[in-house]
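Visitor: Can you look at this prediction? I've put the sequence above it.
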Protein chains: 2
Amino acid sequence: MLKTMSEPDKKEITPEEAPENGKGIRNSGNASETGNRKTKGDFDLAAVYVSDAQYNRNIFFDTTPQAIRLYLLYNHWGLQILVYAFILVDLALAIFEDPAVVPLPIWVTSVIELVCLAAFTARLVHYAKVIPRERFWKDPKNICIFAIILLSLVDMIIYGALKASGFYAVRWSRVLRPLLLVNITEGRQLRRAFRSIRNALPQILYVFLLFMFSVLMFSLMALKLFGKRMPAYNFSVYFAVFFITYILINTYIFMSVFLAVVYNNYKKYLKEEVRKLVRAKRHKMVRAFGVLQERKGEEEPVVSQACWNQLVRLVQPDISNAHRELLWSVSDDNNKGCIGKVAFVQLADLLNIQVIMMKSRPHPLKTWLPSLYLSSPSRLVCRMVQHKAFMYTYDLIILVNAVFIGLDEEDPLIANVEWAFLVLYLLEILLKLYSFEPRAFFSRHQFWNWFDTIIVITALIAMIINSALKLSGGYTSRQILDIVFILRILRLIRVVDNIKRFRAIINTLIKIGPTILTFGQLIVVVYYIFAMVGMELFKGKIRFFEANSTDPDKAFCGNPLLKNSVFAKHNYCKNNFNNVVSSFILLLELTVVNQWHVLSSGFTAVTHISARMFFVLFHIVVVIIIINIFIAFVLEAFFVEYTVDQSNLQSSLEKKIEELELGVKQEKLDGNLVDAMETNDNDMGNSESTKEKPALMFKIACKRYKTVDGLLQRMFEADLDPEDFAEDEDFDPNNPSNLNFPNPNFDSV
Amino acid sequence: MLKTMSEPDKKEITPEEAPENGKGIRNSGNASETGNRKTKGDFDLAAVYVSDAQYNRNIFFDTTPQAIRLYLLYNHWGLQILVYAFILVDLALAIFEDPAVVPLPIWVTSVIELVCLAAFTARLVHYAKVIPRERFWKDPKNICIFAIILLSLVDMIIYGALKASGFYAVRWSRVLRPLLLVNITEGRQLRRAFRSIRNALPQILYVFLLFMFSVLMFSLMALKLFGKRMPAYNFSVYFAVFFITYILINTYIFMSVFLAVVYNNYKKYLKEEVRKLVRAKRHKMVRAFGVLQERKGEEEPVVSQACWNQLVRLVQPDISNAHRELLWSVSDDNNKGCIGKVAFVQLADLLNIQVIMMKSRPHPLKTWLPSLYLSSPSRLVCRMVQHKAFMYTYDLIILVNAVFIGLDEEDPLIANVEWAFLVLYLLEILLKLYSFEPRAFFSRHQFWNWFDTIIVITALIAMIINSALKLSGGYTSRQILDIVFILRILRLIRVVDNIKRFRAIINTLIKIGPTILTFGQLIVVVYYIFAMVGMELFKGKIRFFEANSTDPDKAFCGNPLLKNSVFAKHNYCKNNFNNVVSSFILLLELTVVNQWHVLSSGFTAVTHISARMFFVLFHIVVVIIIINIFIAFVLEAFFVEYTVDQSNLQSSLEKKIEELELGVKQEKLDGNLVDAMETNDNDMGNSESTKEKPALMFKIACKRYKTVDGLLQRMFEADLDPEDFAEDEDFDPNNPSNLNFPNPNFDSV
């Protein structure tokens, strides 16, 4: 096996890899038959199981071929994107509805909303066709979506009727819109985040009550000690001691305790969830194995290589033959031609590991113009570009560039210098393309090469357009200049990535990026709900006047109740709930606790003392709970990163592949190259130093994770019970009562 | 052994417990002799080792009897308190020195400072006599103190000379004063905290550089995008996106990363230090064993019970016989009459475990007036007080009291109601004293009983004095009333402790209390240094005018450079460096990042742009480093607490004692009482329900820790290598070359 690994071209099509419908595969229809002949339906079913395991989908679909085809369609990325697009449109309606940023007639927004609701209904009907009916109505997600659609319709009718007859009406169902994000099938991460919050709530509540008690005690003391003689006691020793104690206890200690409680609960429940996830994944793989297994006499059931190949090609059609063979050789450790259940179950994880294939190809110039490319000046250029000094020189150029960016760009000299820098950057890319193989340079995983090239080319195009505009009409486009500036500044990031110490931190930040998106959705859901409620409560109560306005109401934000208030004095009138954009900006200010007191008392003054509840609730939900969960997540990600860096802990699967790769490496002379490429993109395979390398090499992109689940699972991998798998071994796929394994209670909020 | 445990009165003095100088103990002078006869010097030496191990002192003292006596004196608590008192006086001199809060003539402060310096010199000379000369000069601590004393003297002379000749002079040596806190022998915790910071610095530096880079990038972008058109772009979509990105990256993500890095390093190095600490402790115990061991033929060396008893009485003179016997029975598991090295080494930890002795004594009234106390009305009262409802009733009374506190105290009705509450509280204490045994009620570990009683009695006294003053001269003392108010409010804390969920949180907070003192010292050191530097830089630059002042300079804080500045407009003039108290308050405001920008730009305006360095440095040191280390500490303490609560993890020593206690419990009928007492102080041993209990019971005060080290060691106990001890087993106390075991590099900063 190992020998064939390095020369896959010679066995492009093996007997097992015949076309799908060849080799006498019948459409027997019975999916759970345990014979040696597998139908197309069997393979489809198994592929769905593997794919679900791979992406951690936990949908209890019907196993009829009809339902499976519908299920595959349901999971199509196009439909998923479409659903998110409709949700986005639905949420964005708030911009056009009263109180609007851009007012649109009521019938336009209503029609758009009806279209969105129709889309959600269609998606729900599709889902109902995929899973058994009794399961459909047991799932709170579906009931939630159904209720949201129904309530929205009712609300639209009531609102329309009331408006038509001239009554006051409230579009209360708008609060429900963001809940769609939580309840659609794709909102797994978001549901998990909400569950994590819900689970931490009791613990947080106790600390919060204690915190409130502490604040109450301090308030009572302040009332008694300073209440009636504030000016006299201001800044006295009394006051200083009181202030220090208050700050210490209620700011530093209690906030730390909140973080500790949230972090502890977050970690505990996440661990539990990931454990469930891993168990569900293994169940699904065992089911897939049950569909495809062959039994020879009394031996343990196995899956043949032919079956396995067909399955993998169904699950991941774009997988290369070499990659697939690598995976097979990992599974079939002993080269028996078939694998048992234990090895089969690993398939989902194996497919999730990003394997980068590197073909050692000669530089195109070497093929086309060998005499020129291999001449000594050309070799000198190549050697120069590959030298460390080349990288340092360009780091220096970028730093000098940074200084010039800080200078006044309207000076013509500096504008010209910018052109010089751009030429230097272009030269760098061209030189690299000359000395490195272009396809390797632009391979999918060379993030920084792509980054550099796109930024430099875009900047070039923008500057050319700008110059053209200037020359033609003497007109400079502000937008284009802005883009050029931003691109120039982004270019500076490259310097940081060249320094090893910084790269570790940046890698972790990049890794937690996708999950920050989950938190972004969480924030959007909470903000949207609060913005909708806030707009109904406070719209129009506070008005903003332009700076050059001479309206006498300007002094108190258009509301006489704000006369002489700090709110009006500091001119916070722009912070209002008069449309959804200002609402979001106001909530953002409340999140960073910027003048929380002034803002909340302003809105309390124009309505009622109970309005403060709104602001307190927002503070508790966002600042105390969500922000702390976010910090907990970042902390945990960094701790995992530090631990991994120290112990070089790798999953057993990654280790296996590395072991095998060692076998591959034995044939190489330059064994360190793979590692070097991981850390330094300048060492790319070039014609000079890689003459003796094999034609094909693999490397694991283990430092980046495809899915957020991957990071989460890795987070708790060390803590996961290794016996978890042995437990699942008891599962007998031939026992029909076991076939309907309980769907882990995962997709329900 | 177990049987005698419960009736220790009968064997008050056993043959082994003869007076110290009995049983033919000679003063042979040779401390490391391995015969069966031990001298007084041997016991002294062993006792010093055990005591050092117990309190984690790592001082390499001379082993001559002379030096040991000096060493014991050096460690006397009186002298230690005296040293801290002198340091406090030295630090407090800043109040009286120019720029002074209370100006004193220069000769007064100089004389006081000379006295302090003399005291520090005396302490240093004392220390030099205790440890070998070559070690003394190798220790950076001693050199530091010596340098501080010398530099202070030099500075005083220069300052005096310059002032006398009318020149400008700076008392620069005042910056060095807080360093005494760090470098004295007793400042172990503080040194550890500083080491922890120093160790985390490189990691923090990298994140900080990245953070600075990120801020720079955003600044450049802001400059280019908004620099010249700020009003136009204010609050546009551009600005909102920029603002959100900035907040997300630089506030939430980078601050989390700072916390993660600080926490990770803190944990890593603390673990390493605690491991060293445990190893040093075991070394010391092995040395003590070496001094006291007896060898019988070829057997392993042992320590006899007689030796052990004498040693324990030397180390802890106030230990009761029963407690000592309990410890011995734990050490001498097999009842052999002597213990080996392994058991002996545990002694330091055993002595650190707080064992509470509970003598089941009848109520004094039962002895004096049995007929009355045992009558049925008296029994009814006792049963009533012990009932849960009694506690709840008083919780309710406290809550009602809280409402009344919030009302206006000048209403005569409410003032009278306060008297009623006070009477109710007094009644509660009296009733409890009637139904519970008074000595048990006021035992050392009944924190809340003491708390209640002291608060109620003090409030009673204060109110009586206040009433007396009012009646005599119609004069009400504000101070006394304030004390009464504070006491009333503090009384409310009791309610929280009665709720089980809250008690867990409060217990953790109480446990981390002592370490917060270490952080307090840390903050004082940093604040003091910054205050001294700030006073030299900024004193007199900004002046504060009283509210009723009519000085025209008031509008710009007495400095024309502040004309029209935000600093002067918002009247921040009180925030200045004109004396040490305002400096501390100003630094506190900077710590909580209260108007950091306005304050720092104000001081920059009156001096120079480079003054901003001072404020940036302060922010980095205090807000980014120290506050994060503090949060890390609180987090870790809570995680340990949660883990302990979940797994009931207990140290092996505590388990051993509990095993033994089980033996004791077998003789009891009411086995749960000990646990109940731990959690509920109302269930105290009373004559009704504890008739059948043995006369004496033990319980481990394992929920509270005597020393901060105890908490730290417990923190990492689970992670400590259990093989650590086996390693130290190789240590041969009879090998002279090993006797001078390397003092772990612990006491040096």
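Guide: Yep, that arrived.
Visitor: what sits against A:Ile499?
Guide: Applying CB atoms under 8 Å, 6 or more residues apart in numbering or on different chains to A:Ile499 gives no contacts. Yep, even glycine has a C-beta here, placed from its N, CA and C like the rest.
Visitor: ok, so what distance separates it from A:Asn507?
Guide: 12 Å (CB to CB, to the nearest Å).
Visitor: what residue ranges in the stretch 101-250 of chain A score low on pLDDT?
Guide: Low-confidence segments of the stretch 101-250 of chain A, defined by pLDDT under 70: A:227-238.
Visitor: Chain B contacts on that one?
Guide: A:206-207, A:209-210, A:213, A:216-217, A:220-221, A:223-225, A:231, A:235, A:237, A:240, A:243-244, A:247-248 (CB under 8 Å from any CB of the partner chain).
Visitor: Inside helices: which ones of these?
Guide: Of these, the ones assigned to helices by DSSP state H are A:206-207, A:209-210, A:213, A:216-217, A:220-221, A:223-225, A:231, A:237, A:240, A:243-244.
Visitor: Restricted to buried residues, select these in ChimeraX.
Guide: Only the buried entries of these go into this ChimeraX selection, using 16 or more other CB atoms under 10 Å in any protein chain shown:
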select /A:206,207,210,213,217,220,221,224,225,243,244
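Visitor: Can you name the residues in contact with the helix or strand hosting A:Ile429?
Guide: Remark: A:Ile429 resides in helix A:412-435, with elements defined by DSSP states H and E. Contacts to helix A:412-435, defined as CB under 8 Å, 6+ apart, come from residues A:365, A:381-382, A:385-386, A:390, A:394, A:397, A:401, A:404, A:407-409, A:441, A:449, A:452-453, A:456, A:459-460, A:463, A:488, A:491, A:682, A:686, A:688.
Visitor: Give me the secondary structure label for the residue nearest to A:Val566 when sequence neighbours are not counted.
Guide: Nearest in space to A:Val566, with sequence neighbours left out and distances taken as CB to CB, 6 or more residues apart in numbering or on different chains, is A:Val598 at 5.1 Å. Here A:Val598 is recorded as helix under DSSP: H, G, I helix; E, B strand; the rest coil.
Visitor: Contacts only, for A:Val598.
Guide: A:Val566, A:Phe567, A:His570, A:Tyr572.
Visitor: got the contact list for the third one?
Guide: Residues in contact with A:His570 (CB under 8 Å, 6+ apart) are A:Gln595, A:Val598.
Visitor: Now do it, the pLDDT please.
Guide: On pLDDT, A:His570 comes in at 72.
Visitor: how far away is it from A:Leu562?
Guide: 11 Å.
Visitor: Show me the strands in chain A, by range?
Guide: A:303-304, A:338-339, A:355-359, A:696-700 (DSSP state E).
Visitor: Let me see the contact set for the closest residue in space to A:Ile319 that isn't next to it in sequence.
Guide: Distance criterion CB to CB, 6+ apart; nearest residue to A:Ile319, sequence neighbours excluded, is A:Val312 at 6.2 Å. Contact partners of A:Val312, counting by CB under 8 Å, 6+ apart, are A:Ile319, A:Arg324, A:Leu327, A:Leu347, A:Leu351.
Visitor: which residues does the fourth one contact?
Guide: Read that as A:Leu347. A:Val50, A:Met285, A:Ala288, A:Trp308, A:Leu311, A:Val312, A:Leu327, A:Ser331.
Visitor: was I right about A:Asn578 contacting A:Gly540?
Guide: Yes - using CB atoms under 8 Å, A:Asn578 is in contact with A:Gly540, at 6.3 Å.
Visitor: list the residues that contact both of those two?
Guide: A:Pro99.
Visitor: Nearest to the middle of chain A, which residue? Look it up for me.
Guide: A:Pro514 (2.1 Å; CA atoms, centre = their mean).
Visitor: quick one: that residue from A:Gln189, how far?
Guide: 9 Å.
Visitor: and stretch A:165-185, which residues are buried?
Guide: Applying 16+ other CB under 10 Å to stretch A:165-185 flags A:169, A:171, A:173-185 as buried.
Visitor: Could you tell me the end-to-end distance of that stretch?
Guide: One end of stretch A:165-185 to the other measures 40 Å (CA to CA, to the nearest Å).
Visitor: which residues sit against it?
Guide: Taking CB under 8 Å, 6+ apart as the rule, stretch A:165-185 contacts A:57, A:59, A:74, A:83, A:87, A:90-91, A:93-94, A:97, A:120, A:123, A:127, A:141, A:144-145, A:148, A:151-152, A:154-156, A:158-159, A:162-163, A:187, A:190-191, A:194, A:521, A:524-525, A:528-529, A:532-533, A:536, A:747, A:749.
Visitor: Tell me how far it lies from the chain's centre.
Guide: The chain centre lies 27 Å from the centre of stretch A:165-185; the measure is CA atoms, centre = their mean, to the nearest Å.
Visitor: ok, now stretch A:40-47?
Guide: 30 Å.
Visitor: got it, and stretch A:241-258?
Guide: 35 Å.
Visitor: Do stretch A:258-278 and chain B come into contact?
Guide: Yes - residues of stretch A:258-278 contacting chain B under CB under 8 Å from any CB: A:Leu259, A:Ala260, A:Val261, A:Tyr263, A:Asn264.
Visitor: Give me the subset of those that lies in helices.
Guide: Per DSSP H, the residues of stretch A:258-278 next to chain B map to helices at A:Leu259, A:Ala260, A:Val261, A:Tyr263, A:Asn264.
Visitor: quick one: contacts for the third one?
Guide: Taking CB under 8 Å, 6+ apart as the criterion, A:Val261 is in contact with A:Ala200, A:Gln203, A:Ile204, A:Val207, B:Phe638.
Visitor: What of the fourth one?
Guide: If you count contacts by CB under 8 Å, 6+ apart, A:Tyr263 has them with A:Asn628, A:Ile631, A:Ala632, A:Leu635, A:Glu636, B:Leu635.
Visitor: could you dump the residues you listed to CSV with neighbour count, distance to A:Glu300 and pLDDT?
Guide: Converted to CSV, the contacts of A:Tyr263 look like this (neighbours: other CB atoms under 10 Å in any protein chain shown; distance: CB to CB, whole Å; pLDDT from 0 to 100):
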residue, neighbour count, distance to A:Glu300, pLDDT
A:Asn628, 21, 50, 86
A:Ile631, 23, 49, 86
A:Ala632, 24, 44, 84
A:Leu635, 23, 45, 83
A:Glu636, 20, 40, 79
B:Leu635, 23, 49, 83
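Visitor: where does the stretch 501-650 of chain A come near chain B, residue by residue?
Guide: Residues of the stretch 501-650 of chain A lying near chain B (CB under 8 Å from any CB): A:501-502, A:505-506, A:509, A:516, A:547, A:574, A:581, A:585, A:588, A:592, A:627, A:630-631, A:634-635, A:638-639, A:642.
Visitor: Just the buried ones from those, in PyMOL syntax?
Guide: The PyMOL command for the buried members of those (criterion: 16+ other CB under 10 Å) is given here:
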select buried, chain A and resi 502+505+509+516+574+585+588+627+630+631+634+635+638+639+642
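Visitor: these two touch, right, A:Thr604 and A:Phe614?
Guide: No - using CB under 8 Å, A:Thr604 makes no contact with A:Phe614, being 9.2 Å away.
Visitor: out of A:Asn578 and A:Gly540, which sits in the busier spot?
Guide: A:Asn578 (20 against 13; other CB atoms under 10 Å in any protein chain shown).
Visitor: Could you chop chain A up by domain?
Guide: Chain A breaks down by automatic domain parsing into domains covering A:60-184, A:198-277, A:367-488, A:508-644.
Visitor: Which one, of the ones you listed, ends up nearest to A:Cys338?
Guide: domain A:60-184 (24.5 Å; CB to CB).
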